[in-house]
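K.L.:
Next input, structure requested:
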Amino acid sequence: MCGIAGIYRLHPSGTAPPPPDTSIPDAWLDTLDAAIAHRGPDGHGRFRDRVFNDDGLHLDIALVHRRLSILDHEGGHQPMVVTGPINDSTCPFHGQTDTVAVAFNGFIDNHAQLREAARSGGYEFRSDHSDTEVLAVGMLTDRDHIFINIFGMWSAAVWSRRAGLLHLSRDTFGEKPLYITDLGNGVGAFANVRRALADLRRRTRAPAFTNDTPGAAVRMIATGGIHWKHCFQGIGQVAPGGIAIAPGAPSHCGFEPTDWSGHLSIGFLKGSPVNPINPLERIEKILDAAVQRRLDADVPVACLLSGGVDSSLVTFLARRHAPDITSICVRMPDAAYDESPVAARVAAIIGTRHITADVDPRPAEDLVRLIETLGFPLGDSSLLPTYWACKAARQHAKVVLTGDGGDELFVGYERYVADRHLRAAGTLGPVARVAAAALPQHNPKALATKAARFLRAAGGAGYADLVAIFPSDDLARLLSPEIARQALMPHTDESGRLTDLRDNLPNVLLRKTDHASMSAGVELRAPFLDRNLAQAVLRWPQEVLTPAGERKGLLRALARKYLPADIVDRPKSGFAVPIGEWFRTDFGGMKALLLDMLGSADPFPTSLIGAEIKRRFVTTMLDEHMHRRRDHSQRLYMLLVLAIWCRQETPP
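P.N.:
Numbers count the residues shown, from 1 in each chain. Prediction:
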């Protein structure tokens, strides 16, 4: 797990390029390095190259790397540079020598098998067991399938000197981020920290954001994350499961997507429907193998155990293969949100060495730092407890297994039931919104609040409203009806579950876990996001996954084989904190921070956001929330992180 970044610069034919260190100044690389440093405390490196292609173009390339060392401490230094013959008969450079440089972030869980295959083909590895070298060798031996053959989580930059091309790639679900930008004058840059590119754009005085996606900022406010299809403030993303190649014909952010992008997509994994034989046995076998592969590390590995079905199953299967594995749970500061007693009971049943860690939460201080290093206003308040859990886990392990993805794959969220009813009801129009407004909404967990949210969705944008931080009617009051329509598109034929897998998972949930874990120096691995598991489950009819209509029923049936039913069937708690109550009580300085940020002279500059936020509605929400007339916990949190980000982007 690492920080990666880089810059390329294309010089037109007929021009004499300046020296490489002038073409791409060290100061630019220093800017990138400073912003990704928190992701890699164990090592750093840089790589430069210059090529002259057949069209008379000069190309300079520079890679920057910060390492969190997990595998092959001695042989895994990066950027990794490998030189050898191209042994790919389909490649026009077959038989010629190539120099390949790799900056890699993540974990290739099938690296041992790929290494053995390359070795049997005659390649001699220089490292003992580095997964990064497997990626480099793939560029020499099977470059058209290099990213299709690897399983795991990653963001990667792979440079081929002979082809003069930089390949940028992300894993199927987007567990690892990868941002891109066009700085103008033939200069492009990438990084797996958005803050790095924002800082670089300021340093280089890059052109204004002419390539921004209309409505990107509004959708970010509505949903809490930047969609991977959107370019916001001149910075875009490589698609989950996608590949971009630079340099090339400019696209929305200066990189040329290739037709490889569809090969690792969710749609590709879904494929044709299949009715499985013995689905319970099949799921256990695939999940067990996924857990086993993710135990591969040269550092201590632990399981983050909440006591829920997903993390409990992962922990149980991990102990099968690592009998001495540690499980960790964090005692939350609010007893109503503390699952540590349940986790301790599960750990005792499974037989792990269990640690209940106490945290010293400083929510206001931690939140400001996390948003500043992230570089955009992520609207998921569970960023805080996730960071605290990772920080506590770091005292005992450097790699932590989690249950992320279980609800999305196995139909675990309550909102998926609501989604089916929304489809049956169709659009109910203004009557539903009026009915929603008449219901009490001061308790976020109360049935009346959930009913109001359902009615609001039925009268608005359907599932998009159901999961939004600012549903369309609230968004219209915050901005304007015309602008709000840009953000939340009406429901399509795609299920809420697939929408979550394509959008909410990579844009919000995985951005949260990636940033929280890397800020604490921990690598999180999610067995439920295993490609083999997803490819099986996404092809099964939903009734197989939810027998007798039970949410996550198949997975619960597997858990009941090994855990007591009262644990498996307990209500889902979720990994959350009472952020709304903290705004009222000023726990950890949260009320003071909220009022300071939202009460400043211009907390939401229109020039920065691209839309005017109506301060009167912000004041209304504050008043309603503080007097418990309506719960605005997540909406106020979204506005808070937006104000923190705006203040950083417009320093005095």
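K.L.:
by contact count, what packs against the longest strand seen in the chain?
P.N.:
In the chain, assigned by DSSP state E, the strand with the most residues is strand 97-108. Contacts defined by 3 or more Cβ pairs under 8 Å, 6 or more residues apart in numbering; DSSP states H and E place strand 97-108 against strand 2-11, strand 43-52, strand 58-67, strand 80-85, helix 131-141, strand 152-160. (C-beta placed from N, C-alpha, C; glycine too.)
K.L.:
Any chance of JSON lines for the ones you listed, columns mean neighbour count?
P.N.:
Output for those, formatted as JSON lines (neighbours: other Cβ atoms under 10 Å):
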{"stretch": "strand 2-11", "mean neighbour count": "26"}
{"stretch": "strand 43-52", "mean neighbour count": "17"}
{"stretch": "strand 58-67", "mean neighbour count": "26"}
{"stretch": "strand 80-85", "mean neighbour count": "18"}
{"stretch": "helix 131-141", "mean neighbour count": "26"}
{"stretch": "strand 152-160", "mean neighbour count": "25"}
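K.L.:
out of these, nearest to V434?
P.N.:
For V434, the closest of those is strand 152-160, at 45.6 Å, according to Cβ to Cβ.
K.L.:
Show me which positions of the helix or strand that the closest one is followed by end up buried.
P.N.:
Using DSSP states H and E, the helix or strand that follows strand 152-160 in sequence is strand 165-170. By 16 or more other Cβ atoms under 10 Å, the buried positions in strand 165-170 come out as L165, L166, H167, L168, S169, R170.
K.L.:
Give me the sheet partners of strand 165-170 and which way each runs.
P.N.:
Strand pairing for strand 165-170, determined by DSSP bridges: strand 152-160 (antiparallel), strand 243-246 (antiparallel).
K.L.:
Strand 165-170 and whatever helix or strand comes next after it, what's the angle between them?
P.N.:
The helix or strand immediately downstream of strand 165-170 is strand 179-184, counting by DSSP H and E. Between strand 179-184 and strand 165-170, the angle formed by their directions is 140 degrees, by axes from the mean of the first three to the mean of the last three Cα atoms, to 10 degrees.
K.L.:
For strand 179-184, the averaged confidence score.
P.N.:
For strand 179-184, the mean per-residue pLDDT is 92.
K.L.:
got the strands paired with strand 165-170 as CSV, with mean pLDDT columns?
P.N.:
Below are the strands paired with strand 165-170 laid out as CSV (pLDDT from 0 to 100):
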stretch, mean pLDDT
strand 152-160, 95
strand 243-246, 80
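K.L.:
which stretch among the ones you listed comes nearest H627?
P.N.:
strand 152-160 (44.6 Å).
K.L.:
Which pLDDT value belongs to the closest residue to G429 other than its chain neighbours?
P.N.:
Once flanking residues are discounted, G429 sits nearest to G459: 5.7 Å by Cβ to Cβ, 6 or more residues apart in numbering. Per-residue pLDDT puts G459 at 82.
K.L.:
Near G459, how many residues? Count them for me, please.
P.N.:
23 (other Cβ atoms under 10 Å).
K.L.:
do T15 as well
P.N.:
Neighbour tally, T15, other Cβ under 10 Å: 10.
K.L.:
Next one: the residue lying closest to it once chain neighbours are set aside from H167, what distance?
P.N.:
Residue nearest to T15 in three dimensions, not counting chain neighbours: H58, with 7.7 Å by Cβ to Cβ, 6+ apart. Distance, H58 to H167, by Cβ to Cβ, to the nearest Å: 20 Å.
K.L.:
which residues touch K591?
P.N.:
Taking Cβ atoms under 8 Å, 6 or more residues apart in numbering, we find K591 in contact with W582, F583, R584, T585.
K.L.:
Hmm, the first one is touching G589, no?
P.N.:
Same thing as W582. No: between W582 and G589 there is no contact under Cβ atoms under 8 Å: 9.1 Å.
K.L.:
For the two, work out which one has more neighbours and name it.
P.N.:
More neighbours surround W582 than the other of W582 and G589, with 25 against 16 (other Cβ under 10 Å).
K.L.:
Which element, helix or strand, includes that one?
P.N.:
Using DSSP H and E, W582 sits within helix 579-585.
K.L.:
CA atoms only: put the helix or strand just after that helix into PDB for me.
P.N.:
Next helix or strand after helix 579-585 toward the C-terminus (DSSP H and E): helix 590-598. Extracted in PDB, the C-alpha atoms of helix 590-598 (Å, rounded to 0.1, in the frame of the first residue of the first chain):
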ATOM      1  CA  MET A 590     -17.800  19.500  16.800                       C
ATOM      2  CA  LYS A 591     -20.400  22.200  17.500                       C
ATOM      3  CA  ALA A 592     -17.900  24.900  17.700                       C
ATOM      4  CA  LEU A 593     -16.300  23.800  14.500                       C
ATOM      5  CA  LEU A 594     -19.700  23.600  12.800                       C
ATOM      6  CA  LEU A 595     -20.800  27.000  13.800                       C
ATOM      7  CA  ASP A 596     -17.400  28.500  13.100                       C
ATOM      8  CA  MET A 597     -17.300  27.100   9.600                       C
ATOM      9  CA  LEU A 598     -20.900  27.700   8.600                       C
END
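K.L.:
Quick one: low-confidence residue ranges for the stretch 1-150 of the chain.
P.N.:
Judged by pLDDT under 70, the stretch 1-150 of the chain has its weakly predicted residues at 1, 53-57.
K.L.:
Okay, strands next: where are they in the stretch 451-600 of the chain?
P.N.:
Using DSSP state E, counting those that start in this stretch, the strands of the stretch 451-600 of the chain run over 523-525.
K.L.:
all helices for it, in order.
P.N.:
463-467, 472-478, 481-484, 496-499, 510-519, 531-537, 542-545, 553-560, 565-568, 579-585, 590-598 (DSSP state H, counting those that start in this stretch).
K.L.:
and if you look at the stretch 151-300 of the chain?
P.N.:
According to DSSP H, counting those that start in this stretch, the stretch 151-300 of the chain carries its helices in the segments 194-204, 216-223, 266-270, 279-293.
K.L.:
which of the ones you listed is buried the deepest?
P.N.:
helix 216-223 (a mean of 24; mean count of other Cβ atoms under 10 Å).
K.L.:
circling back to that earlier point, would you mark the buried spots in the longest strand of the chain?
P.N.:
D98, T99, V100, A101, V102, A103, F104, N105, G106, F107, I108.
K.L.:
so which of the helices of the stretch 451-600 of the chain comes closest to A611?
P.N.:
Using Cβ to Cβ, the nearest of the helices of the stretch 451-600 of the chain to A611 is helix 481-484, at 5.2 Å.
K.L.:
elements contacting that closest one?
P.N.:
Where contact means 3+ Cβ pairs under 8 Å, 6+ apart, helix 481-484 is packed against helix 216-223, helix 472-478.
K.L.:
can you redo the ones you listed as CSV with distance to A348?
P.N.:
Shown next, in CSV, are the helices and strands packed on helix 481-484 (distance: least, Cβ to Cβ, whole Å):
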stretch, distance to A348
helix 216-223, 40
helix 472-478, 45
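K.L.:
circling back to that earlier point, the helices of the stretch 151-300 of the chain: lowest mean pLDDT?
P.N.:
Looking at these, the lowest mean pLDDT belongs to helix 266-270 (a mean of 62).
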